[in-house]
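Engineer: sequence-free structure coming up:
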């Protein structure tokens, strides 16, 4: 099967895209989008595209910080955060789902993939 990105003849790796387009999609939110960059002095970004904050000298992923702030307490052990739309830089209202564990998180991914087909 060929990559779903227009004019790409490479073999499918994941999410109906070749490896190069899938990685670009993961990091930038779109297979043909430029890589996202953080504004100077606002924090950092991992090579996967996650935003890192520095809170009281401790580095924390922005999505985990926002989830804990919404809960009013630290996340339970094993909890995972699911990004709706899978844009790791978009944390607007209703864009994050707190999952009790990795199994539930993967269930959400499988359901999202099934909806794409």
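Structural biologist: Noted; the coordinates are in hand. What you see is a predicted model, and the numbers here were worked out from it, not measured in a lab.
Engineer: longest helix anywhere in the chain?
Structural biologist: Scanning the chain for the helix with the most residues, using DSSP state H, yields helix 102-116.
Engineer: how far off centre is it?
Structural biologist: With C-alpha atoms, centre = their mean, to the nearest Å as the basis, helix 102-116 stands 13 Å off its chain's centre.
Engineer: doesn't residue 81 lie inside a strand?
Structural biologist: Yes. Counting by DSSP: H, G, I helix; E, B strand; the rest coil, residue 81 is part of a strand.
Engineer: so it is in contact with residue 62, correct?
Structural biologist: No. The pair residue 81 / residue 62 is not scored as a contact, 10.0 Å apart, by C-beta atoms under 8 Å. Where C-beta positions appear, they are placed from N, C-alpha and C, glycine not excepted.
Engineer: coming back round to it: and the longest helix of the chain, what does it pack onto?
Structural biologist: Secondary-structure packing of helix 102-116 (3 or more C-beta pairs under 8 Å, 6 or more residues apart in numbering; DSSP states H and E): strand 80-83, strand 96-99.
Engineer: may I see the buried residues of it?
Structural biologist: The neighbour-count check on helix 102-116 (16 or more other C-beta atoms under 10 Å) flags residue 105 as buried.
Engineer: what sits up against the helix or strand containing residue 68?
Structural biologist: In this structure, residue 68 sits in helix 62-71 according to DSSP states H and E. By C-beta atoms under 8 Å, 6 or more residues apart in numbering, the surrounding residues in contact with helix 62-71 are 43, 50-53, 55, 74-75, 79, 81, 83, 88, 91, 96, 98.
Engineer: before I go, just wanted to say thanks for your time.
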